[in-house]
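In: Predicted model and sequence follow; I will ask about them next.
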Amino acid sequence: MMNNFHSTTSGDSGWGEARLRIEAYLVGMGITSETERERVIQNILKQTAIEYAGNPEGNPVALAMNQLLKTLDQWAGKFSFPDEQSKVRGSVLLYAVDGPKMWPAALFTGEMPDTFRQAISDCQVAATPDLSVSRMVPQPFDNALLDIKLPNAVGKLTKDISPSFLAKAAAVVASGLALLFGNRLR
Amino acid sequence: MNFTDFASDRRWTFIVLNVCLIAFGGMLMAIRISTVGWTFAGAGLFLLFLVLQAQIVYGFTIAVTGWWVLRRGGDPVRINQTIPPDAEPVDIPPTAIIVPIYNEDVNRVFKGIRVMFESLKNTGKSDAFDFFILSDTSDLDVWISEEQAWFKLCQQVQGFGRIFYRKRRLTLHHKSGNVADFCRRWGSRYRYLIVLDADSVMTGPTFVRIASLMEAHPQVGMIQTYSRPVMGQSLFQRINQFAAYAYGPMFAAGANFWQLDNASFYGHNAIIRVEPFMKYCAMPELPPAGRLGTRILSHDTVEAALIRKAGYEVWSDYDLGGSYEETPPHLPASLQRDRRWCHGNMQHFWFLFSRGLTMPSRVNILIGIMAYAGSPLWLLFLLFSPILFIGKHVPMQNTFMFACAMFLLLVPKFLAAERLISSPELRHRIGGGLKIILSTIGETLYSMILAPILMLFYTQFVWSSYFGGSKGWGSQKRSDDAGPSWGECTAVHCAHTVIAVAAAVLAAMLLPQMFPWLLLVLAGPIISIPFSRLMASNKLGLSSQRSGLFLVPEETQPPWEIRYLQESSQAAAPVISVPEVDLKDYGLAQAILNPRLNSIHVSLLHERRQVPSRTRRLLDHLGNQLLSEGPGRLSVQEKRMLLWDANSLLALHRKLWSTPSEQWPQWWRSVFNQCL
């Protein structure tokens, strides 16, 4: 993995970890092509080495990752995602169309194939639709048990029972009794 | 539908039948008590008996009515009958399919949504339907997995803009609060709402059908489908599946016979008209009573009653098909669910006295309450009944009463078996006549053992609902490959076993003549530990399936939706697959480390508001602590704070990736490779 790039300004261990870190990040993004990963790693490390030459106190891992994340931010910026949250949305679009797997080169070369551009513009990633706020409030809890007054309750009950209800209830009881005791009565 | 005339006739017929049977049982009991002389205790026992008799008689009556209705080719008055089966589907208005979830098995939930989405696509009517996964998940790892699964699912089925995911920051008022929150935010965009459970499955044609039925009947507020349990593996699940298949349609048809436009709602696998639902069905706060609490935990039956009170009809569509659910894998998991349901149903007590509800709505509420409150009453009856007869001559009516009780309990089972056997199609689909008879006998024995065990647990649950004890609204266990261990079963059941053994010894000494009867009740709790363990066995479940016992059509001829869900091979059918890593704080690590998940998670958080500088300082401090020490010293609340803050997550992501690994604490080193 380290065969192509050689730093002239730092020991191999820091750069070795920087390379592994970039590779891990690209794997995490979903870039499956080893060739593409290697190409990106070389590019990032070269740019990092230039930066490191001007800042030899810097850590290669930190510098390389900053370089990688800056490149990705620039990509998101191309899609007019200026602020931080919008850049995230740009990244999500990238993942939604499986960009790292399908068009890995486009992320780092600046060339956008039409298919990729089309896929991005066709994709709408929204966790929820636009809000359409309305009210849902409970009706009053109209419960007879809460305001029952026992002396009145009996009177009210007798008032509420209609004669037809009483007739039906009597019919039910009578038919039940007739069924039960019919044999005995005969 | 115009059925005003015969609705009243049907309900009166039903009442007369019930009253006669209750009175008959009451007469036998009265004769029995009179042999030892009427006392206050005897009168109390008699009243208790009448209440319990009413419960049994109600079950018997709807089963027999349902059998009669089904044998005649189905009820002419049912909602599904109003549109011909081959009718051209109407244009369906916007309909939301919501799946409220709470710490569920992520892979199962999203596989279910995928299969329903695909099934709906096949109908050609899918444009009218949007799916919403409404998460109240409290487990941080599960939360991150849900986001990952949602994103994967949308990628796989091109579901962005059709399948939505919403995580609530404040999980107020349990499931009803979750649904109400959806209604307030997006309810006005939709005319209908289909509510599903995390383990529900409905087929595309069923979605289209119930939406068409609602569209055809503007006066209908809810249609509840009959969801059949499927995909059971343990013996416990398979027997319950068989019971639901054999008896369920009879009970549902019998209930529809008298309920008609005043059916109940079970909280899932149902369609709701959104506008009246939002107007009339928001859950009120309850007055304080004991430990019942003031927020309604179980909202379904109450919602049906409230929408009916507002003048909208509620129907049960019991013969539609294509509506499924899963059941708990074993008795302890089922009891955990029952504890929640019991507490919720006990709260419904208030609504019995709510003004303006219809009589059938009150009966539905009462039936729900009695499903649990009946248990302490049975226990009281069983305790006091022998005491009343200590030292007295036990009358011969005991045998006759027992025969009558068995008649009421067993006739529905006999009728169900008859219905299955007499239909060549049904008989063929579930293994033939002999297997149906053996399965029915097996299920009956199982019920006889289970009933007293449930009675003791339900009594405990009712007590704790009113007087304290843990209730909780935890996630439901829906599948379990290993089942509970012997130790777990012992812990769950040992107290009841000890009590039952002691009661048996006492009964043998004090009431030798009643001992055989009491043993029928005590046998269940005495053997509950091995019973619970054996019933949880997947091995026994599988071997009973191989023997052709307890079969249901979804096992012999499963629809493709069920086949897909059972399919475990990703090669054969690509499924959502979230890696199951046994690592604490795996979700937090992923949300920070994994570039893809970090972006997805941050994009799902609400737009940032101005964070107070004090909170910002705290978040920065927590972030630094997380980076330098790992998550071990952070509380769940602190981790949750970080996961809700987009700035912190973006900063932590950059910082962690830019830090040389020798500066990482051990924890980050160990999780690094697993998170990519």
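Out: Nice, I can see it.

In: got the end-to-end distance for stretch B:282-301?
Out: Distance across stretch B:282-301, first residue to last, is 13 Å (C-alpha to C-alpha, to the nearest Å).

In: Can you confirm whether it lies near chain A?
Out: Yes. Interface with chain A: stretch B:282-301 contributes B:282, B:283, B:284, B:285, B:286, B:287 (C-beta under 8 Å from any C-beta of the partner chain). C-betas here are computed from N, CA, C, even on glycine.

In: ok, now stretch B:82-102?
Out: No. Judged by C-beta under 8 Å from any C-beta, stretch B:82-102 and chain A are separated, with a smallest distance of 9.6 Å.

In: now do stretch B:59-68
Out: No. With C-beta under 8 Å from any C-beta as the measure, stretch B:59-68 is seen stopping short of chain A, the closest distance being 13.6 Å.

In: export that stretch as PDB, just CAs?
Out: The C-alpha trace of stretch B:59-68 is given here as PDB (Å, rounded to 0.1, in the frame of the first residue of the first chain):
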ATOM      1  CA  GLY B  59     -68.300 -15.900  24.700                       C
ATOM      2  CA  PHE B  60     -70.600 -18.900  24.100                       C
ATOM      3  CA  THR B  61     -73.300 -16.800  22.500                       C
ATOM      4  CA  ILE B  62     -71.100 -15.000  20.000                       C
ATOM      5  CA  ALA B  63     -69.300 -18.300  19.100                       C
ATOM      6  CA  VAL B  64     -72.600 -20.100  18.400                       C
ATOM      7  CA  THR B  65     -74.000 -17.100  16.600                       C
ATOM      8  CA  GLY B  66     -70.800 -16.800  14.600                       C
ATOM      9  CA  TRP B  67     -70.900 -20.400  13.700                       C
ATOM     10  CA  TRP B  68     -74.500 -20.200  12.600                       C
END
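
In: Figure out how far that stretch is from the centre of its chain.
Out: Taking C-alpha atoms, centre = their mean, to the nearest Å, one finds stretch B:59-68 lying 23 Å from the centre of the chain it belongs to.

In: For that stretch, buried residues please.
Out: B:59, B:60, B:61, B:62, B:63, B:64, B:65, B:66, B:67 (16 or more other C-beta atoms under 10 Å in any protein chain shown).

In: Redo the residues you listed as a markdown table? Include secondary structure.
Out: Shown next, in a markdown table, are these (DSSP: H, G, I helix; E, B strand; the rest coil):
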| residue | secondary structure |
| --- | --- |
| B:59 | helix |
| B:60 | helix |
| B:61 | helix |
| B:62 | helix |
| B:63 | helix |
| B:64 | helix |
| B:65 | helix |
| B:66 | helix |
| B:67 | helix |
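
In: So how do I select the buried members of the residues of stretch B:282-301 next to chain A in PyMOL?
Out: Restricted to buried positions by 16+ other C-beta under 10 Å, the PyMOL selection for those reads:
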select buried, chain B and resi 282+283+284+286
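
In: What is the most widely separated pair among the residues of stretch B:282-301 next to chain A?
Out: B:282 and B:287 (16.9 Å; C-beta to C-beta).

In: Contacts only, for residue 134.
Out: Let's take chain A. Counting by C-beta atoms under 8 Å, 6 or more residues apart in numbering or on different chains, residue A:134 touches B:183, B:184, B:187, B:188, B:278.

In: Hmm, no, I was thinking of chain B.
Out: Counted by C-beta under 8 Å, 6+ apart, residue B:134 has contacts B:98, B:99, B:100, B:101, B:166, B:168, B:178, B:179, B:181, B:182.

In: Which element, helix or strand, includes the first one?
Out: Residue B:98 belongs to strand B:95-101 when assigned by DSSP states H and E.

In: Restrict that strand to CA atoms and write it as PDB.
Out: Output in PDB follows, covering the C-alpha atoms of strand B:95-101 (Å, rounded to 0.1, in the frame of the first residue of the first chain):
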ATOM      1  CA  THR B  95     -53.600   7.600   2.900                       C
ATOM      2  CA  ALA B  96     -50.900   7.400   5.500                       C
ATOM      3  CA  ILE B  97     -49.700   4.000   6.800                       C
ATOM      4  CA  ILE B  98     -48.200   4.500  10.200                       C
ATOM      5  CA  VAL B  99     -46.000   2.100  12.200                       C
ATOM      6  CA  PRO B 100     -45.400   3.400  15.700                       C
ATOM      7  CA  ILE B 101     -42.300   1.600  17.100                       C
END
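
In: returning to what we had before: if we take the contacts of residue B:134, which one ends up nearest to chain A?
Out: Lowest distance from chain A to the contacts of residue B:134 (C-beta to the nearest C-beta) belongs to residue B:166, with 5.2 Å.

In: Name the next helix or strand downstream of the helix or strand hosting the closest one, please.
Out: For residue B:166, the enclosing helix or strand under DSSP H and E is strand B:163-167. Following strand B:163-167 in sequence order, the next helix or strand is helix B:174-186 (DSSP H and E).

In: Mean confidence (pLDDT) on that following helix, please.
Out: Mean per-residue pLDDT for helix B:174-186: 93.

In: Give me the residues contacting that helix.
Out: Counting by C-beta under 8 Å, 6+ apart, A:128-129, A:131-136, B:96, B:98, B:100, B:102, B:132, B:134, B:136, B:166, B:168, B:171-173, B:193, B:195, B:267, B:274, B:277-278, B:282-283, B:295-297, B:299, B:473 sit against helix B:174-186.

In: What parts of the stretch 51-200 of chain B come near chain A?
Out: B:130, B:132, B:150-151, B:154-155, B:160-161, B:164-166, B:180, B:183-189.

In: what bits of chain A have low per-residue confidence?
Out: A:1-13, A:78-86, A:148-166, A:172-186 (pLDDT under 70).

In: Actually, chain B.
Out: In chain B, residues with pLDDT under 70: B:1-5, B:290, B:389-398, B:469-482, B:568-582, B:607-609, B:676.

In: packing partners for the lengthiest helix in it?
Out: In terms of residue count, the longest helix belonging to chain B (DSSP state H) is helix B:433-467. Applying 3 or more C-beta pairs under 8 Å, 6 or more residues apart in numbering or on different chains; DSSP states H and E, one finds that helix B:433-467 makes contact with helix B:235-259, helix B:331-347, helix B:359-388, helix B:397-422, helix B:486-510, helix B:515-526, helix B:528-535.

In: Columns distance to chain A and mean neighbour count on top of the ones you listed, output as a markdown table?
Out: Formatted as a markdown table, the helices and strands packed on helix B:433-467 follow (distance: least, C-beta to the nearest C-beta, whole Å; neighbours: other C-beta atoms under 10 Å in any protein chain shown):
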| stretch | distance to chain A | mean neighbour count |
| --- | --- | --- |
| helix B:235-259 | 15 | 24 |
| helix B:331-347 | 12 | 22 |
| helix B:359-388 | 11 | 18 |
| helix B:397-422 | 13 | 16 |
| helix B:486-510 | 32 | 15 |
| helix B:515-526 | 25 | 18 |
| helix B:528-535 | 38 | 21 |
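
In: Would you verify that residue B:194 is located in a helix?
Out: No. Residue B:194: not assigned to a helix; according to three-state DSSP it is strand.

In: list the contacts for it?
Out: Per C-beta under 8 Å, 6+ apart, neighbours of residue B:194: B:95, B:96, B:97, B:98, B:129, B:202, B:207, B:210, B:211, B:270, B:271, B:272.

In: got it, and residue B:90?
Out: B:212, B:215, B:216 are the contacts of residue B:90 under C-beta under 8 Å, 6+ apart.
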